[in-house]
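# Using only what follows, build the 3D model:
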Amino acid sequence: MRVHTASAAASKETMMLRWMVAAMTAALLAATPVTAQEAVVGAPDRAALFHSTDPVIDARKQVVYNIYTKIFEENRYDLVDVYMTKRYIQHNPNIASGREAVKTLFRENRLPKMTIPVFAVVAEGDMVVVASAMVLPRPGGKPGETYTTTHFDMWRFVGNQVDEHWDEARLGPMSIGIVEKPAK
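A predicted model of the protein is given here:
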């Protein structure tokens, strides 16, 4: 009987210890802000990322660079015909396909003046992939509190125009990354 009592006491101590460890872990996690180890930042000379020694790849990188600088940053939706095919396929679930749909989107939703902080551009064959930094409002954070994350765009070309686009967007309100520095 004594063994049973000692065993029951040990079991209670074990349960109490487990509860205390769980409570302390939860308290530590709640007190620790969830943040990436390092902030995502753009390259100091992002224009240099949009070049290649291969003339075809260089031309395609330049098209994507102009989409970023002219259309996104300068709101030049009048240039959509220059850089995108008529059928332009959009895989972002919040945006319709077609060049006319893109023009309508930008005409009706003017983007704020911004500079998109790009940190990597990879191109091969008919594809160009751009990785950029996004600074977004921290969910559940204090007003003005932000965090950085990475945004990816992948563009497929037909000739020298973008014919197809992918990104990591999900259904719902879209976020535009906050500028790293004001556009000039």
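# for this protein, which spans come out with low pLDDT?
1-37, 172-184 (pLDDT under 70).
# which residues does the most centrally placed residue in it contact?
Nearest to the mean C-alpha position of the chain, by CA atoms, centre = their mean, lies His151 at 1.9 Å. Listed by CB atoms under 8 Å, 6 or more residues apart in numbering, the contact partners of His151 are Ala131, Ser132, Ala133, Met134, Asp167, Glu168, Gly177. For the C-beta atoms, the positions are set from N, CA and C on the backbone; glycine is no exception.
# Now intersect those with the strands, please.
Ala131, Ser132, Ala133, Met134, Asp167 (DSSP state E).
# Okay, strands next: where are they in this structure?
84-90, 118-124, 127-137, 146-158, 161-167.
# so how many other residues sit close to Thr115?
Counted with other CB atoms under 10 Å, residues neighbouring Thr115 total 17.
# Tyr65 now?
By the criterion of other CB under 10 Å, Tyr65 has 19 neighbours.
# Please determine how far it is located from Pro137.
Relative to Pro137, Tyr65 is positioned 28 Å away (CB to CB, to the nearest Å).
# I'd assumed Ala131 was in contact with Phe119.
Yes - Phe119 is within contact range of Ala131, at 5.8 Å (criterion: CB atoms under 8 Å).
# What are the boundaries of the helices in the chain?
2-31, 46-49, 55-66, 80-83, 99-108 (DSSP state H).
# The fourth one: which residues count as buried?
By neighbour count on 16 or more other CB atoms under 10 Å, the buried set for helix 80-83 is Val80, Tyr83.
# what do you get for the third one?
Taking 16+ other CB under 10 Å as the neighbour-count basis, helix 55-66 is seen to contain the buried residues Ile57, Arg60, Lys61, Gln62, Val63, Val64, Tyr65, Asn66.
# Between strand 127-137 and it, find me the angle.
Here helix 55-66 runs at an angle of 20 degrees relative to strand 127-137 (axes from the mean of the first three to the mean of the last three CA atoms, to 10 degrees).
# List the contacts of helix 55-66.
Against helix 55-66 from outside (CB under 8 Å, 6+ apart): 47, 49-52, 79, 82-83, 121, 123-124, 126, 128, 130, 153, 155, 157, 160-162.
# Now with 7 Å, please.
47, 50-52, 83, 121, 123, 128, 130, 155, 157, 160, 162 (CB atoms under 7 Å, 6 or more residues apart in numbering).
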